[in-house]
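Enquirer: Prediction below, plus the sequence it came from.
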Amino acid sequence: MVVYVFGRYVRAAHWIRNGVLIWLILSGIYLGNPFLARLGLGQATESFIMAQIRGWHVAAGWVLLAFTLARIYQFLFITADGKLGIGHELKMGRIMFSWKAWRDQLAFYLLMTKEHPHFTYSNYGPLQYLVYTMLYASLLVISITGILIAAPYTSGGVAAWGASLFQPIEVWMGGITTVRIVHRFVMWWFILFTLAHIYMAVWNSMRTGHLLIEGIISGFKAESVDVREHDPKKGKGKA
């Protein structure tokens, strides 16, 4: 049976966020290693290219932060019926403390069972819930460190205000050098997460036939259904 699981906002946010992350990774790698400077284009040209890439890098960072804050707000305060309250996904957190849920999901991933576990009270398995929680915490970390790194290149505005707000964090981390190291470390975490996420999504889609990859594009995925539940004539046999 085909069911609608990913709304328009979820799908749009997913692909915009991914596109922004790809640009941030590529531009971040260049900012750390400006290889075009080796071509001898001239100091003015090299400075212009560097400034342009840095500017677009920072702009993309603000877009990512906006989507991250919106997603965290949804996680914490949007109920299953779309109203304000204790977040529907927040309530799913109890799956993290279910030994049976961990056992069933790990057994599926370790090829010990062919049936994908289904959790009636959670859209995610415990491993997925843990990884996604770490993901959004990491997005906050890379956003805060990014604001601190960008502050010296701005003369005012939100970046300067944010840097003054997060200045105690920079002091606690031991200075801007450590901030840069953490920023880059989290970038590599995102690269590894993206590769693992793509692999697991494709693997799950092929193994279960649930069309997860197609679902994040169309919004629909397939679910296994017992035909006898929908057709009383089916499944009748000898007593």
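Expert: Ah, there it is. Numbering: from 1, shown residues only.
Enquirer: Could you list the low-confidence segments of this protein?
Expert: 5, 38-42, 155-156, 223-239 (pLDDT under 70).
Enquirer: Would you map the helices across it?
Expert: 8-32, 43-77, 88-91, 99-109, 126-150, 157-165, 167-173, 176-208, 212-218 (DSSP state H).
Enquirer: what packs against the shortest one?
Expert: Taking 3 or more Cβ pairs under 8 Å, 6 or more residues apart in numbering; DSSP states H and E as the contact definition, the neighbouring helices and strands of helix 88-91 are helix 43-77. Heads up, the C-betas are built off the backbone N, CA and C, glycines and all.
Enquirer: change it to 10 Å
Expert: Counting contacts by 3 or more Cβ pairs under 10 Å, 6 or more residues apart in numbering; DSSP states H and E, helix 88-91 packs against helix 43-77, helix 126-150.
Enquirer: can you pull the buried residues of stretch 139-151?
Expert: Leu139, Val141, Ile142, Ser143, Ile144, Thr145, Gly146, Ile147, Leu148, Ile149, Ala150, Ala151 (16 or more other Cβ atoms under 10 Å).
Enquirer: so which of those residues comes closest to Leu31?
Expert: Using Cβ to Cβ, Ile149 comes nearest to Leu31 of those, at 9.3 Å.
Enquirer: Now do the contacts for the residue nearest the centre of the chain.
Expert: By Cα atoms, centre = their mean, the chain has its centre lying nearest to Leu135, at 5.5 Å. Contact analysis of Leu135 by Cβ atoms under 10 Å, 6 or more residues apart in numbering lists Thr68, Arg71, Trp189, Phe190, Phe193, His197.
Enquirer: Turn the helices and strands packed on helix 88-91 into CSV, including distance to Leu111.
Expert: Converted to CSV, the helices and strands packed on helix 88-91 look like this (distance: least, Cβ to Cβ, whole Å):
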stretch, distance to Leu111
helix 43-77, 31
helix 126-150, 15
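Enquirer: Highest average neighbour count across those: which stretch is it?
Expert: helix 126-150 (a mean of 19; mean count of other Cβ atoms under 10 Å).
Enquirer: before we move on, the earlier item: put together TSV for the buried residues of stretch 139-151, with distance to Tyr124 on each row.
Expert: Output for the buried residues of stretch 139-151, formatted as TSV (distance: Cβ to Cβ, whole Å):
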residue	distance to Tyr124
Leu139	17
Val141	21
Ile142	22
Ser143	23
Ile144	26
Thr145	27
Gly146	27
Ile147	30
Leu148	32
Ile149	32
Ala150	33
Ala151	36
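Enquirer: Alpha carbons of stretch 106-117, as CSV, please.
Expert: Output of stretch 106-117 as CSV, limited to C-alpha atoms (Å, rounded to 0.1, in the frame of the first residue of the first chain):
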residue,chain,number,x,y,z
LEU,A,106,20.2,-3.8,15.2
ALA,A,107,19.0,-7.3,14.3
PHE,A,108,17.6,-5.9,11.0
TYR,A,109,20.8,-3.9,10.3
LEU,A,110,23.0,-6.9,11.1
LEU,A,111,21.0,-9.1,8.6
MET,A,112,19.7,-11.3,11.4
THR,A,113,16.1,-10.7,10.4
LYS,A,114,14.5,-9.7,7.1
GLU,A,115,11.6,-7.8,8.7
HIS,A,116,12.1,-4.1,9.2
PRO,A,117,10.9,-3.3,12.8
